[in-house]
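Asks: Predicted model and sequence follow; I will ask about them next.
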Amino acid sequence: MAVKLVHGSFDPWRWLLDHQETRLSPGSYGATASFVGTMRDFNEGDRVEELFLEHYPGMTERELEKIVAEARDQWRFLDALIVHRVGEIRPGEPIVLVAVWSAHRGPAFDACRWIMEALKHRAPFWKKERRDGGTRWVARNTDGYDGY
Amino acid sequence: MAVKLVHGSFDPWRWLLDHQETRLSPGSYGATASFVGTMRDFNEGDRVEELFLEHYPGMTERELEKIVAEARDQWRFLDALIVHRVGEIRPGEPIVLVAVWSAHRGPAFDACRWIMEALKHRAPFWKKERRDGGTRWVARNTDGYDGY
Amino acid sequence: MSSIRVRMFASLRERWQIDQVELKPEGIATVADVWRSLTGEAMTDQVLAAVNMEYARPETPVREGDEVAFFPPVTGG
Amino acid sequence: MSSIRVRMFASLRERWQIDQVELKPEGIATVADVWRSLTGEAMTDQVLAAVNMEYARPETPVREGDEVAFFPPVTGG
């Protein structure tokens, strides 16, 4: 299990692969479910130029670790990795990676999605967007199950 | 949308990234959900030495394309990629990649999982395992929602 | 007159020792007829079928020129 | 005697111009007391709180030496 906050651009697939190669034994896992959240250049019809991601050093890591531990209480999986950006982010850049390795696909899918929703609703991060030279704090995260 | 059958080992993350870089415009997608199925070295308590994956050339590709089209009727996503191995596979090697790109996370998660389940239940592939020198056809795929 | 091409896959191919065979269409109206003419048996739910690479049922009509395939439950992914 | 450390984040920090401040514990029993002593207002559901980096509620007790944080609904991921 690993939780990392990174400043500056990161390659989620490199992180996933490095974690897999150093922490997992080949042949032990049959399923890898992953999610990458990326900064879009449009939000609610407006062009977003830049994002600033603030966090609460100490509590953010702790809350992410708690989320992974709660997922482990619910599903049987071998490993999980969360990587989250903080600081300035530009359109097209990855913001977050969640990856879960398990023997079978059910728990990998379930845990990956549950971790991502929990992160969105509980982990102390706050986004400030710059649009047309002005900035504003994003008010609230949307529900990831509403399927829009 | 792309569906590929590959002979010989493949790097799912390389395929995902190549697809993303050539087919998607940066900043257009906010969510990438993916699944990689990997050959385990144990199945039902037995050591599996090798897997042979047979398919029905022509029908397999067609069925995979149909699955992606049906997913598009149900969810709004920007792109999807399925890569599936055929032929001989060794423990630890990837068998299948499903990746879905969308603006928001809900449809990416939903479509990725639905495509993977549909593939498991409909796409004409058949696995033959070698254990202890003997071979046997795998009888049936399990349900991916049962959470074991 | 054109014939019906029949293919078998995986365990069915090994069980019946048939990879690909051409059948005369006489007396054959459905997928179940094709199966019976090759194996002498009725289809079970362990035998799936396709006509021209689309999933088919035992009662699906078969015409000359069609490709009919039989295979066990799929196990990919 | 040790004080209570209070932190604010994101829009709350900007609104109240408070990043980090030390409060005397006198007259303070709960998270809501901390908030009121700094802002003169009652907490709303737009104000989340943590005590010692664990989510807390307005009625959560606060003791000297604690770190109390206030922040708006989270928007990561």
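Replies: All right, it came through fine. Numbers count the residues shown, from 1 in each chain, chains lettered A, B, ... in the order given.

Asks: Nearest residue to the residue of chain C found nearest chain D in space, please, no chain neighbours.
Replies: Proximity of chain C to chain D (C-beta to the nearest C-beta) peaks at C:Gly77, 28.2 Å away. Heads up, the C-betas are built off the backbone N, CA and C, glycines and all. The shortest distance from C:Gly77 to any non-neighbouring residue, by C-beta to C-beta, 6 or more residues apart in numbering or on different chains, is to B:Lys120 (4.3 Å).

Asks: Looks like the one you found contacts B:Gly144 (just checking).
Replies: Yes: with contact defined as C-beta atoms under 8 Å, B:Lys120 reaches B:Gly144; the gap is 6.4 Å.

Asks: Would you map the strands across the chain?
Replies: The chain I'm using is chain A. A:2-7, A:31-38, A:42-43, A:46-47, A:50-55, A:79-89, A:94-102, A:125-131, A:134-137 (DSSP state E).

Asks: look at chain C instead
Replies: C:4-8, C:20-23, C:48-51, C:54-56, C:67-71.

Asks: Can you list the helices and strands that the second one packs against?
Replies: It stands for strand C:20-23. Packing partners of strand C:20-23 (3 or more C-beta pairs under 8 Å, 6 or more residues apart in numbering or on different chains; DSSP states H and E): strand C:4-8, helix C:31-39.

Asks: before we move on, the earlier item: these two touch, right, the residue of chain C closest to chain D and B:Ala123?
Replies: Yes: at 7.3 Å, C:Gly77 counts as touching B:Ala123 under the criterion of C-beta under 8 Å.

Asks: Pull up the overlap in contacts between those two.
Replies: Here C:Gly77 and B:Ala123 have B:His84 as joint contacts, going by C-beta atoms under 8 Å, 6 or more residues apart in numbering or on different chains.

Asks: just to revisit the earlier point, deepest-packed of the strands of chain C, please.
Replies: strand C:67-71 (a mean of 23; mean count of other C-beta atoms under 10 Å in any protein chain shown).

Asks: Could you check how many residues crowd around A:Asn43?
Replies: Neighbour count of A:Asn43, defined by other C-beta atoms under 10 Å in any protein chain shown: 17.

Asks: Report the separation between it and chain B.
Replies: Counting by C-beta to the nearest C-beta, to the nearest Å, the gap from A:Asn43 to chain B is 9 Å.

Asks: Ok, A:Leu24 next?
Replies: In terms of C-beta to the nearest C-beta, A:Leu24 sits 10 Å off from chain B.

Asks: so where's the chain uncertain?
Replies: Here I'm looking at chain A. Residue ranges of chain A with pLDDT under 70: A:145-148.

Asks: switch to chain C, that's the one I care about
Replies: C:1.

Asks: Quick one: name the residues of it near chain B.
Replies: C:7, C:9-11, C:50, C:53-55, C:69, C:71-77 (C-beta under 8 Å from any C-beta of the partner chain).

Asks: which of these lies closest to chain B?
Replies: Nearest member of these to chain B, counting by C-beta to the nearest C-beta, is C:Gly76, at 2.6 Å.

Asks: Count the neighbours of the nearest residue in space to that closest one that is not next to it in sequence for me.
Replies: In this structure, C:Gly76 finds its nearest non-sequential neighbour in B:Phe125, 2.6 Å apart by C-beta to C-beta, 6+ apart. Using other C-beta under 10 Å, B:Phe125 has 29 other residues around it.

Asks: Surely B:Phe125 touches B:Thr60?
Replies: Yes: B:Phe125 is within contact range of B:Thr60, at 6.6 Å (criterion: C-beta under 8 Å).

Asks: hey, what's in contact with both of those two?
Replies: Common neighbours of B:Phe125 and B:Thr60 (C-beta under 8 Å, 6+ apart) are B:His84.

Asks: circling back to that earlier point, can you add distance to A:Pro107 and give the strands of chain C back as JSON lines?
Replies: Shown next, in JSON lines, are the strands of chain C (distance: least, C-beta to C-beta, whole Å):
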{"stretch": "strand C:4-8", "distance to A:Pro107": "36"}
{"stretch": "strand C:20-23", "distance to A:Pro107": "41"}
{"stretch": "strand C:48-51", "distance to A:Pro107": "29"}
{"stretch": "strand C:54-56", "distance to A:Pro107": "30"}
{"stretch": "strand C:67-71", "distance to A:Pro107": "30"}
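
Asks: For chain A, which residues are neighbours of chain D?
Replies: Near chain D, the residues belonging to chain A are A:37, A:53-56, A:58-59, A:62, A:84, A:95-96, A:116, A:119-128, A:137-141 when assessed by C-beta under 8 Å from any C-beta.
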